[in-house]
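need a 3D model of the sequence below.
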Amino acid sequence: MDMSAITLIITIGSVLATAVFAAGYRRGVQNAINDFRQGETEEAPVPQDGHWGGIALAFALSIVSIAGIGYTPYFVYAGPFLVLVTTFGVGLAFFIEKKVPATKP
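Numbers count the residues shown, from 1 in each chain. Here you go, the predicted structure:
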C-alpha cells in the first residue's frame, strides 16, 4: 500500500487529535461526575459574548475551503485539517477547565 505524504500526515494527525480528544473527554466526564457527587447546585455564570470572532473565523475558513476546491484540487485537503484542528481544540478545552476534586475541599 502506497500512501502519499499528505495522507500520512492527515492519518497521524487524526490519531493524535483523537487521543487528545479522548483524554480530554475522559477528564470532562470525571469532572462532571465529581461535581454531581459533591451535590453543589450553584452554577458558575457562563459568558455569552466573546465567541463571535471564533464563529466568524470558522465560517470564513469553511467558505474558503469549499470555494477553493473550484480553483485548485489541493483545497480538498483543507477540510480534514479543519476537522483535526477542531478535534484537537475541543479536547484541549477539557484540560483548560479547572479540575474538580473527587471530594469536597
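
contacts only, for the most centrally placed residue in the chain.
Here the mean C-alpha position of the chain is nearest to the C-alpha of V90 (Cα atoms, centre = their mean), at a distance of 2.4 Å. By Cβ atoms under 8 Å, 6 or more residues apart in numbering, the residues touching V90 are 21, 24. Any C-beta I mention is one placed from the backbone N, CA and C, and that applies to glycine too.

biggest helix in the protein, by residue count?
In the chain, taking DSSP state H as the definition, the longest helix is helix 5-38.

and the next element down the chain from that one?
helix 52-68 (DSSP states H and E).

give me the contacts around that following helix.
Applying Cβ under 8 Å, 6+ apart, the contact partners of helix 52-68 are 75, 78-79, 82, 86.

packing partners of the longest helix of the chain?
Contacts defined by 3 or more Cβ pairs under 8 Å, 6 or more residues apart in numbering; DSSP states H and E place helix 5-38 against helix 78-96.

which residues of this protein score low on pLDDT?
For the chain, the stretches with pLDDT under 70 are 1-3, 40-41, 105.

how about 90 then?
Along the chain, the model assigns pLDDT under 90 to residues 1-7, 31-55, 58, 61-62, 65-66, 69-80, 82, 96-105.

please convert the contacts of helix 52-68 to a markdown table, extending it with neighbour count and distance to F21.
Formatted as a markdown table, the contacts of helix 52-68 follow (neighbours: other Cβ atoms under 10 Å; distance: Cβ to Cβ, whole Å):
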| residue | neighbour count | distance to F21 |
| --- | --- | --- |
| F75 | 15 | 25 |
| A78 | 16 | 20 |
| G79 | 14 | 18 |
| L82 | 15 | 15 |
| T86 | 13 | 10 |
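
quick check, nearest of the residues you listed to E43?
Closest approach between those and E43, by Cβ to Cβ: T86, at 26.3 Å.

quick one: the closest residue to the closest one other than its chain neighbours and W52, what's the gap?
With Cβ to Cβ, 6 or more residues apart in numbering as the criterion, T86 has its nearest non-adjacent residue at 8.0 Å, and that residue is A58. For A58, the distance to W52 equals 11 Å [Cβ to Cβ, to the nearest Å].
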